[in-house]
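[1] Here is a sequence with its predicted model. Questions after.
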Amino acid sequence: LAFCRGRIVRVPKGPLIRVVGTEVAIPCSVSDYDGPSEQNFDWEFSREADFVRIVSTWDSTFTSEEYQKRVGRGDIKLRRSSNDAVELVIRNIQPADQGRYKCSTPSTDATVQGNYDAEVQVKVISDGLSVSGSKARSPTSLRLSEGDSFKLRCSAVTTSPEHTHLHVTWQVKSGSSWRDVLSLTHEGKFQPGPGYEERYRSGDIRLDTGANDTYRLSVSQASSADGGAYRCLVSEWVRGADGSWQKIQEKSVEIATVSIQRTDVVISTSNVSVTERDSLDLTCNITTDRSGIFQAEVMWYFSASPDDTLSDAQLLLSMDHDSVVSDSTLISLSHVDRNSYRLLVRDVDVEDSGYYFCEAAIWVPLHNGSWHKVVERTSAPVSVVVTALEPDYDVFLNASKTPKFSDDPTELNCRITNVQDTEANIRFTVSWYYRQHLPGDDVVAEELLASMDADWTLLLGDRGRERIQNGEIIFSKKSADTFSLRIQWTSESDRGDYFCVISAWSRHRNNSWVKSKDVTSASVNIFWATQDYTLTVEAVKLKPFFVAGHTFEMTCKVSSKNIKTPRYSVLITAEKPLTDQSNPNGTTRIISLNQDSVVRLEDWTDQTRVDGVVLEKVQENEFRYRMYQTQISDAGLYRCVVTAWSPGGGGMWREAVNGLSNPIQIDFQTSGPVFNVSVHSDSPTIYQGEVADLLCIITMEGMPLEPDDMSFDVSWFAVRSFALDREPILLASLDRRGIVTQSRRNGSSDLSLERISPLEFRLRVHGCEDHDFGNHYCLVTPWVRSATGVWQREPDIKAKPLFLSVKMDVLNAFKYPLLIGIGLATVIGLLSCLIGYCSSRWCCKKEVQETRRERRRLMSMEMD
């Protein structure tokens, strides 16, 4: 490829057939060249043998004498299309220009390779194409109505000696440029212009050929866009030597000027305003200059928006081209004259307000007696406003009952007065509103309590919805002109301004109700003076001194002010020391008694002492709390939390105020033993599968006790982390009765918990696994029997955690796999050696004779 590469000069494949008097452009290009990107070209011409120089891109003296005038006038010139291509342009070519044209390029290559010139034959034929329109010299004028049809004719014939094809195009000019309507191409295909595709497929635009080489354009259903000047554009095409079609000339002739009279549909009245119960009169006018026989089809539409389409609008009434009107009771359509149609709507209503428009279609008769629609137009919408007949009335609001205290009833009456100009089709409803009363000029938005629709259906607002549903707020209609609002039990949150809105509703023709007017009453303020509630609670310990095992007793005395017939609920709480593990928050809810004297145990979890606490009502304002067989763990501060309740609406109780008593302390002064707990293991690091022994050792300081006078609840926990940052997991527990409880385990290891001495407890983990590692500790709850024979629970004691590490026995784990691997490797190695020996001994034996190499000295360079 590198050796074959060289400069290539190309011209079209000839012969090139051109018509005398037309402009000819012969292209020439060069490729695969070296040197500068912009190349120069020389053109020469030959009729028979010798070439005559015509023009050059780089040498102004290149042109021969016989072509200097034509080149000077610009009849022959070079037009550069790129750095490596030019065109030889010959204007008004003549038969003398027929011959061979050679394009050559001066060499800019380092080596001479390829071709540097190319020739093409140009053949000049006579002009045999003639295009004509009607017999009249000037274009005819056609004045048509919208929807009519028209036909235009032109004649095109060629007497060319070559085999040429004609391309006929009908064009229209409505502005400054021509637009293609329909073409019959040189290949015999019909091609509609842009925007005419649908009309061509429907048959409204056709192009027919007739006798004497005529081409007829037929246009049906003419619209205003079809107006303008029409011409027939004919071009002559010939197939070149390379098989492609080439246009050799083009002629046109203007045929006619067509003007289309537009048909308009308008409503004679602009925006209309009528009063309710009156009649609405609208006229639809059709503007057309059509003089023949035609009939109009009219349809009236109504829409709520001026932007609605026909599919969205409501059809009111229609009249077809046979003057048949669709049926309607309150709406009529009449034919006033040839081009006017009147719409009359009787007894209009407010809902008739909107936009009205009419659609008209023109129908013309055909030869077979049928009717054909030629044009259809829609008028601009006309705005119609129907003014409602508003009734005249006033609204008065007064309070028939006002509260003096909380929970008293409130009743408001909203009356309609001075009613005038009302009809039987008017109905009144009410809406109630509340506005919070604030001092100063602060503005607060009103809140809807309830409203009524036209059917007197009650619609609730967001404020007080639950109270209204419970019957605490009642809405009623006492008479035809009076509406009532009653609050059964008025609370402090109900204080504020109230007002009502009376709405008038009008009934329309379809028996629907539409609101026509709203009148708002003056506001009424609901307010009463209040005093703050006060509550005082005093706790008294009845027995100043007692010891563990005795009964603790305290009373709570309550006094209140500004509370109407109060009742009290009492809750007993205890604040334990922070060392108490059972309640890390410090406060425990023990027992409660509500305002109905119902007792309930709250957070009391000692199952052995379910009946050990009692709370009772001594008087209306005095309550007594007892705790039997007190234990050391009961030490702390005890209080009474009292809530005062006042009677609310519907027999319900409403919380008024809370109070807290002074604390009563239970403190046991004892010189009993002190217990300590520690965890010990001889082997804190073990291997998988072994047994881990953990000992929980209890030591005692102070007064010694007999083994029968003490017992322990022992629980073992594990934290599966190094830093004690996870929740502890209960492993097993042993209560003081000797019952062992184990938690559910996921692994294959097992646990055992036993008491090996009065003060030692052992936890064993059998078959340890890797997930058994972690910090282990025991939690001990001592129980001591007092001199009275009562078992006392001591505070819980937690031992310091001991970390248990579980390792893997690497030797035992890899012993058998290593032995098996070494054995297999040894067998495979011996087998490989045996196979190699046998193959070299018997299978691949071959004698090789080594050639003898002669040793010669190198020659010296002088001898060479």
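    Cool, got the structure.

[2] Now do the SS call for residue 58.
    At residue 58 the chain is in coil, as set by DSSP: H, G, I helix; E, B strand; the rest coil.

[3] Could you do residue 215 as well?
    strand.

[4] Mind pulling the model confidence for it?
    Looking at residue 215, its pLDDT reads 93.

[5] what about the residue nearest to it when sequence neighbours are not counted, which helix or strand?
    Excluding its sequence neighbours, the residue lying closest to residue 215 (C-beta to C-beta, 6 or more residues apart in numbering) is residue 168, at 4.9 Å. Using the backbone N, CA and C atoms, a C-beta is placed for each residue, glycine as well. Using DSSP states H and E, residue 168 maps to strand 164-173.

[6] Partner strands of that strand, with direction?
    Partners of strand 164-173 in the sheet, by DSSP bridges, are strand 178-184 (antiparallel), strand 228-239 (antiparallel).

[7] returning to what we had before: in terms of pLDDT, where does the residue nearest to residue 215 sit?
    If you check residue 168, the pLDDT there is 94.

[8] returning to what we had before: now find how far off-centre the strand holding residue 168 is within its chain.
    54 Å (C-alpha atoms, centre = their mean, to the nearest Å).

[9] Tell me the spacing between the closest residue to residue 634 other than its chain neighbours and residue 262.
    Nearest residue to residue 634 in three dimensions, chain neighbours excluded: residue 666, at 5.9 Å (C-beta to C-beta, 6+ apart). Plainly put, residue 666 is 107 Å away from residue 262 if you go by C-beta to C-beta, to the nearest Å.

[10] Compare the two (neighbour count), which wins?
    Counted by other C-beta atoms under 10 Å, residue 666 and residue 262 do not tie: residue 666 has more neighbours, with 18 against 14.

[11] Show me what that one bridges to in the sheet.
    Assigned bridge partners for residue 666, using DSSP bridges, are residue 636.

[12] give me every residue that touches it.
    Contacts for residue 666 (C-beta atoms under 8 Å, 6 or more residues apart in numbering) come out as 552, 630, 634-636, 638.

[13] Next, count neighbours for residue 409.
    15.

[14] residue boundaries of the strands in the stretch 551-700 of the chain?
    Assigned by DSSP state E, counting those that start in this stretch, the stretch 551-700 of the chain shows strands spanning 552-561, 567-575, 587-593, 599-601, 613-619, 622-627, 636-647, 653-660, 664-666, 674-680, 685-687, 692-701.

[15] list the buried ones in the fifth one?
    Within strand 613-619, the residues that qualify as buried by neighbour count (16 or more other C-beta atoms under 10 Å) are 613, 615.

[16] Only alpha carbons, please: show that strand as PDB.
    Once non-C-alpha atoms are left out, strand 613-619 reads as follows in PDB (Å, rounded to 0.1, in the frame of the first residue of the first chain):
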ATOM      1  CA  VAL A 613     -48.000  -3.100 101.700                       C
ATOM      2  CA  VAL A 614     -51.400  -1.500 102.300                       C
ATOM      3  CA  LEU A 615     -52.800   1.900 101.400                       C
ATOM      4  CA  GLU A 616     -56.200   3.000 102.800                       C
ATOM      5  CA  LYS A 617     -58.400   6.000 103.000                       C
ATOM      6  CA  VAL A 618     -59.000   7.100 106.600                       C
ATOM      7  CA  GLN A 619     -60.900  10.300 105.900                       C
END
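
[17] Who are the contact partners of the closest residue to residue 801 other than its chain neighbours?
    Leaving aside its sequence neighbours, residue 801 sits nearest to residue 775 (C-beta to C-beta, 6+ apart; 3.7 Å). For residue 775, the contact set (C-beta under 8 Å, 6+ apart) comprises 718-719, 721-722, 724, 801-804.

[18] please redo it, this time with the cut-off set to 7 Å
    By C-beta atoms under 7 Å, 6 or more residues apart in numbering, the contact list for residue 775 reads 718-719, 724, 801-803.

[19] among the strands paired with strand 164-173, which is the most enclosed?
    Comparing the strands paired with strand 164-173 by mean neighbour count (mean count of other C-beta atoms under 10 Å), strand 228-239 ranks first with a mean of 20.

[20] tell me the angle of the helix or strand that it is followed by relative to strand 178-184?
    Following strand 228-239 in sequence order, the next helix or strand is strand 245-261 (DSSP H and E). Counting by axes from the mean of the first three to the mean of the last three C-alpha atoms, to 10 degrees, strand 245-261 lies at 120 degrees to strand 178-184.

[21] Mind listing what's buried along strand 245-261?
    For strand 245-261, by 16+ other C-beta under 10 Å, it's 248-250, 253-258, 260-261.

[22] okay, how far is it across stretch 15-27, tip to tip?
    By C-alpha to C-alpha, to the nearest Å, the extent of stretch 15-27 from end to end equals 14 Å.

[23] how about that stretch: buried residues?
    Residues of stretch 15-27 classed as buried under the neighbour-count rule (16+ other C-beta under 10 Å) are 16-20, 22, 24, 26.

[24] Determine which two of those are furthest apart.
    Greatest spatial distance in the buried residues of stretch 15-27: 20 and 26, 16.0 Å, computed using C-beta to C-beta.

[25] just checking, residue 353 touches residue 385?
    Yes - Residue 353 is within contact range of residue 385, at 5.3 Å (criterion: C-beta atoms under 7 Å).

[26] Please say which of the two ends up with more neighbours.
    Between residue 353 and residue 385, counted using other C-beta under 10 Å, the more crowded position is residue 353 (18 against 12).

[27] Which pLDDT value belongs to the more buried one?
    Predicted confidence (pLDDT) for residue 353: 87.

[28] Okay, and which of the buried residues of stretch 15-27 map to strands?
    Among those, the residues falling in strands (DSSP state E) are 16-19, 24, 26.

[29] could you dump the residues you listed to JSON lines with distance to residue 56?
    Shown next, in JSON lines, are those (distance: C-beta to C-beta, whole Å):
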{"residue": "16", "distance to residue 56": "21"}
{"residue": "17", "distance to residue 56": "27"}
{"residue": "18", "distance to residue 56": "23"}
{"residue": "19", "distance to residue 56": "27"}
{"residue": "24", "distance to residue 56": "19"}
{"residue": "26", "distance to residue 56": "15"}
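
[30] Determine the set of other helices and strands touching the longest helix along the chain.
    With secondary structure taken from DSSP state H, the chain has its longest helix at helix 810-838. The contact analysis (3 or more C-beta pairs under 7 Å, 6 or more residues apart in numbering; DSSP states H and E) places helix 810-838 against no helix or strand.

[31] Low-confidence ranges, the stretch 251-400 of the chain, go.
    265, 267, 270, 291-292, 327, 366-367 (pLDDT under 70).

[32] Please repeat the previous calculation with a cut-off of 80.
    262-271, 276-277, 288-294, 310-311, 321-330, 335-336, 338-339, 349-350, 364-375, 388-390 (pLDDT under 80).

[33] do the stretch 701-850 of the chain as well
    Low-confidence segments of the stretch 701-850 of the chain, defined by pLDDT under 80: 701-703, 723-724, 746-748, 786-790, 808-816, 843-850.

[34] What ranges does it have for its strands?
    Counting by DSSP E, counting those that start in this stretch, the strands of the stretch 701-850 of the chain are 710-719, 729-734, 740-742, 750-757, 760-766, 774-785, 791-793, 797-798, 802-807.

[35] what about stretch 485-493, how long is it end to end?
    Using C-alpha to C-alpha, the end-to-end distance of stretch 485-493 comes out at 16 Å.

[36] Buried residues, that stretch. List them.
    By 16+ other C-beta under 10 Å, the buried positions in stretch 485-493 come out as 485-490.

[37] Just the ones in helices from those, please.
    In helices, defined here by DSSP H, there are no members of the buried residues of stretch 485-493.

[38] Nearest spatial neighbour of residue 589, chain-adjacent residues omitted?
    Leaving aside its chain neighbours, residue 589 sits nearest to residue 602 (3.7 Å; criterion: C-beta to C-beta, 6+ apart).

[39] How about the contacts made by that neighbour?
    Applying C-beta under 7 Å, 6+ apart to residue 602 gives the contacts 589-592.
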